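# No letters, just coordinates:
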């Protein structure tokens with residue numbers, strides 16, 4: 001989204017400024033939960049015994065209840081808003097397809113949610129089933145679902161709340177990249193978020209003064225641009241970029257909230273590890289007079305909500321059966337032994353599944369060290385795949401120039417012939433290894449598969465590469481993936497989900 005002047009619609013005139021405070025509220029906020037109903041480790045993988053644990057639905061429920069009680073004791077009315085991407089990220093989603101998330105959200109009292117891109121990972125029909133199961137509105141002002149048989153009439157652009165004497169207009173926004181990074185299908189259309197938000201704000205303000213909250217699944221950079229260019233916005237509660245905006249917490253990318261042209265922007269990391277609370281003092285004309293609150297990290301010492309713990313246990317009961325469920329038949333065992341020094345069959349398989357998971361990807365790229373176990377001959381189960389890919393990494397999409405891809409290949413073979421986890425396992429890309437050359441000069445001819453033919457890579461051309469989020473962020477020495485990507489998105493489906501989908505498709 002480019003920064004521009006917004007002026008398609010004239011906003012209704014606000015009443016003269018009123019300095020007297022009319023309402024005191026607390027907005028509890030979360031985003032990008034990604035089906036993490038069980039506690040997680042610091043890297044968002046499954047929590048291991050003896051290691052620090054965070055989050056989980058039962059702990060989140062307790063934190064939400066405490067947040068509401070604390071706000072009430074301070075004379076503030078509270079509500080819980082969700083920035084989207086509840087779907088995808090654990091076997092709870094794989095098995096229940098959004099209904100586990102719906103059950104927990106009902107239990108913790110979510111008031112409204114913006115639709116995230118991952119809500120479309122299994123198509124509009126899955127999202128429609130989820131919409132039927134939740135009692136709160138799903139919001140996206142820049143999504144047109146009028147031609148969708150599954151979703152027409154199920155998504156609202158904005159919703160009005162009366163909270164503690166304040167009139168709130170909560171406007172939902174969804175990243176337009178959803179069309180490329182998920183599976184909304186041909187009948188869902190995404191429009192410009194700024195124009196859509198402007199229309200919703202104008203409509204809300206026709207009925208009188210209000211406080212406008214954008215519930216945004218656009219990412220922090222896009223939220224900043226909206227705050228700087230769009231009049232009439234008071235607060236943006238964000239998601240999509242998994243950004244932690246907090247005071248006094250490690251790894252925070254900025255304060256809670258970030259201020260941009262008087263707009264308060266907040267986001268609470270991801271995976272249920274954090275819960276945000278933004279306190280607002282609001283004037284009679286809807287203006288925000290002051291703010292407070294904080295983001296809370298949900299440590300393992302926070303007591304769990306017993307009711308939600310029991311709910312999660314019941315939802316988790318079928319998952320062991322899922323682990324035993326066959327997904328494919330293989331004619332021979334696929335071993336990881338050669339994956340650190342050469343292309344290996346299982347590495348190629350995973351790289352192909354990555355490329356398949358990103359609709360416009362030309363290249364799939366996996367590190368051999370990210371594959372921790374082979375796959376057996378005969379029946380392959382979900383459990384086998386989870387053993388092979390145990391890190392809960394996600395598929396990442398990036399756009400790289402050909403010269404950056406060539407440089408990355410040099411990194412990948414820099415330690416050859418020694419075994420190295422960075423050795424590239426590829427799909428749609430091949431190269432010649434110059435065995436007698438020194439490190440940094442070992443890559444000969446490089447070719448990209450296009451239309452069933454292999455063509456020399458063009459150093460100046462941009463290519464779409466599907467990899468995993470560990471490599472995309474510069475892991476294993478691939479700093480060019482982090483620093484030279486023209487576009488990047490790290491939160492695709494889980495690697496294990498991508499591989500199972502690919503295996504099933506090949507049956």
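Yep, that arrived. All values derive from a computational prediction rather than experimental measurement. Numbers count the residues shown, from 1 in each chain.
# in the protein, what spans have low per-residue confidence?
Counting by pLDDT under 70, the chain has low-confidence residues at 1-19.
# in the top helix by length along it, what's buried?
Looking only at the chain and at elements set by DSSP state H, the helix with the highest residue count is helix 57-73. Of the residues in helix 57-73, 57, 58, 59, 60, 61, 62, 63, 64, 66, 67, 68, 71 count as buried by neighbour count, 16 or more other CB atoms under 10 Å. C-beta coordinates here come from the backbone N, C-alpha and C atoms, glycine included.
# centre of the chain versus it, how much separation?
Centroid displacement of helix 57-73 relative to its chain, using CA atoms, centre = their mean, to the nearest Å, is 24 Å.
# where along the stretch 351-500 of the chain do the strands fall?
All strands of the stretch 351-500 of the chain, identified by DSSP state E, counting those that start in this stretch, fall at 363-367, 378-381, 395-401, 424-427, 429-433, 443-450, 453-456, 462-468, 487-489.
# Could you pull up the contacting residues of residue 118?
Applying CB atoms under 8 Å, 6 or more residues apart in numbering, we find residue 118 in contact with 34, 84, 85, 86, 87, 88, 89, 182, 491, 493.
# ignore the last one, residue 290
When contacts are counted by CB under 8 Å, 6+ apart, residue 290 touches 280, 281.
# Quickly note the distance from it to residue 282.
Taking CB to CB, to the nearest Å as the criterion, residue 290 is separated from residue 282 by 9 Å.
# Check residue 391 too.
Here the criterion is CB to CB. By it, residue 391 lies 44 Å from residue 282.
# same thing with residue 385?
Taken as CB to CB, the spacing of residue 385 relative to residue 282 amounts to 50 Å.
# Which of the two has more residues huddled nearby?
Counted by other CB atoms under 10 Å, residue 385 and residue 282 do not tie: residue 282 has more neighbours, with 26 against 23.
# The more buried one sits in which helix or strand?
Secondary structure here is read from DSSP states H and E; on that basis residue 282 sits in strand 274-283.
# That strand vs helix 57-73, what angle?
20 degrees (axes from the mean of the first three to the mean of the last three CA atoms, to 10 degrees).
# which residue ranges form the helices in the stretch 151-300 of the chain?
178-181, 193-205, 220-229 (DSSP state H, counting those that start in this stretch).
# could you dump these to CSV with distance to residue 498 and mean neighbour count?
Formatted as CSV, those follow (distance: least, CB to CB, whole Å; neighbours: other CB atoms under 10 Å):
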stretch, distance to residue 498, mean neighbour count
helix 178-181, 13, 20
helix 193-205, 28, 22
helix 220-229, 26, 20
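# closest to residue 253 out of the ones you listed?
Relative to residue 253, the nearest member of the helices of the stretch 151-300 of the chain by CB to CB is helix 220-229, separated by 7.3 Å.
# Run the angle between the closest one and helix 193-205 for me.
Helix 220-229 runs at 50 degrees relative to helix 193-205, counting by the same axes, to 10 degrees.
# quick one: helix 220-229 to chain centroid distance?
With CA atoms, centre = their mean as the basis, the mean position of helix 220-229 lies at 18 Å from the chain mean.
# In which helix or strand does the residue lying closest to residue 96 once chain neighbours are set aside reside?
Here the nearest residue to residue 96 in space, its sequence neighbours aside, is residue 315; by CB to CB, 6 or more residues apart in numbering that works out to 6.5 Å. Here residue 315 is covered by helix 306-316, with elements defined by DSSP H and E.
# Could you give me the buried positions within the helix or strand just after that helix?
Following the chain from helix 306-316 toward its C-terminal end, the next helix or strand by DSSP H and E is helix 319-323. Burial within helix 319-323, assessed by neighbour count using 16+ other CB under 10 Å, is assigned to residue 319.
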